[in-house]
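1. please find the sequence and the predicted model below.
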Amino acid sequence: MSDWLFDLGNSRFKYAPLLGDRAGEVQAWTHGAEDLRGEALRTLPQGGTAYVASVAAAGLTATMLEILRMRFQHVHVARTEAAFADVRIAYATPARFGVDRFLALLAAARTQRHVLVAGVGTALTIDLLDAHGQHHGGRIAASPTTMREALHARAAQLPASGGHYREFADDTDDALASGCDGAAIALIERSREQARQRLQAPVDLLLHGGGAPALLPQLPADAGHQPLLVLDGLARWAVHLPTATG
């Protein structure tokens, strides 16, 4: 029976078959953090083992797990660990480090290079991983999408979407897009420069998440983009799980 990977984020739900130590073809849909319907979950595949990562609200996560346990023989839920495979997390309390960030680092560690991992979703997360698998900490900020939504919530005349990035915009929509995207770009670029100084070596840049494509054109040409980073990390976690847990 086939094994599957499930990633329940704050705004998107993705799943894919486990193929070796990678994620296969991904299916996804958006959800409102608390209202993913059980009917939608019942269209999910069935199989031997489901490997699950969730940063969604507890009620939504419980609903998803209930459905999966009816459709799979085994369900394993990924949780952040202080050390797993070749990755060691900097947080003194690993449970406070989001499992999506943990799994992204597991996938990024395959490169065995210094890398700054930026996830652009509901939040903008930035983490530094060195070539030996040591995590050096990171940052969390609002993503450009969340910035726009927050401004619109406080000032309805400011649109929650639209506009184009320009260095000096002459239109409100463009100014909003430029300001919010620019804030994220500046934080990523400063973090990379600080990472270089800390490690005294070049540092790769790797982006993932639904908001990453909008930022890539304004970032250096060597910036990498791996949309399935969390699912690939979940795949790596699944493969290492028997060895790691005994």
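-> Right, received. Where do you want to start? Residues are numbered from 1 along each chain as shown.
2. quick one: the strands in the chain?
-> Secondary structure of the chain by DSSP state E: the strands cover 4-8, 12-19, 22-23, 27-30, 47-54, 72-77, 83-84, 87-88, 115-120, 123-129, 135-142, 204-208, 224-225.
3. what count of nearby residues applies to Gln194?
-> 15 (other CB atoms under 10 Å). Bear in mind the C-beta positions are built from the backbone N, C-alpha and C, glycine included.
4. any idea how far Leu116 is from it?
-> If you measure Gln194 against Leu116 using CB to CB, to the nearest Å, the figure is 9 Å.
5. now Leu128
-> Taken as CB to CB, the span from Leu128 to Leu116 is 6 Å.
6. what sits in contact with each of those two?
-> 191, 195, 203 (CB atoms under 8 Å, 6 or more residues apart in numbering).
7. let me know the closest of the residues you listed to Ala150.
-> Ranked by distance to Ala150 (CB to CB), the shared contacts of Leu128 and Leu116 are led by Ser191 at 21.7 Å.
8. doesn't Ile140 make contact with that closest one?
-> No - counting by CB atoms under 8 Å, Ser191 does not reach Ile140; the two are 11.6 Å apart.
9. hang on, the earlier thing: scan the shared contacts of Leu128 and Leu116 and report the most crowded one.
-> Top of those by neighbour count (other CB under 10 Å): Ala195, with 24 neighbours.
10. got a list of what the residue lying closest to that one once chain neighbours are set aside touches?
-> Nearest non-adjacent residue to Ala195, counting by CB to CB, 6 or more residues apart in numbering: Val203, 4.4 Å away. Applying CB under 8 Å, 6+ apart, we find Val203 in contact with 114-116, 128, 192, 195-196.
11. buried ones only from these, please, as a ChimeraX command.
-> Restricted to buried positions by 16 or more other CB atoms under 10 Å, the ChimeraX selection for those reads:
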select :114,115,116,128,192,195
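12. Cys49 touches His74, doesn't it?
-> Small correction: residue 49 is Thr, not Cys. Yes - contact criterion CB under 8 Å: Thr49 and His74 qualify, at 4.4 Å.
13. what's the closest of the strands of the chain to Ala150?
-> With CB to CB, the closest approach to Ala150 among those belongs to strand 135-142: 6.8 Å.
14. pLDDT of the closest one, averaged?
-> On average, the pLDDT along strand 135-142 is 98.
15. from Val52, how far off is Glu66?
-> The value you get for Glu66 to Val52, if CB to CB is used, is 12 Å.
16. for Ala123, same thing?
-> 20 Å.
17. picking up where we left off before, which of Glu66 and Val52 has more residues huddled nearby?
-> Neighbours were counted for Glu66 and for Val52 using other CB under 10 Å; Val52 has more, 21 against 12.
18. count of neighbours near Asp7?
-> 27.
19. show me where the protein dips below the pLDDT cut-off.
-> Residue ranges of the chain with pLDDT under 70: 1, 31-42, 242-246.
20. the helices in it, which residues?
-> Assigned by DSSP state H, the helices in the chain fall at 38-41, 58-71, 99-108, 144-154, 172-199, 212-215, 229-245.
21. CSV for the strands of the chain, including distance to Ala150?
-> Output for the strands of the chain, formatted as CSV (distance: least, CB to CB, whole Å):
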stretch, distance to Ala150
strand 4-8, 23
strand 12-19, 19
strand 22-23, 32
strand 27-30, 19
strand 47-54, 24
strand 72-77, 31
strand 83-84, 34
strand 87-88, 33
strand 115-120, 16
strand 123-129, 12
strand 135-142, 7
strand 204-208, 22
strand 224-225, 26
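22. compare those strands and give me the one nearest Leu103.
-> strand 47-54 (5.8 Å).
23. can you list the buried residues in the closest one?
-> Buried-residue list, strand 47-54, by 16+ other CB under 10 Å: 47, 49-54.
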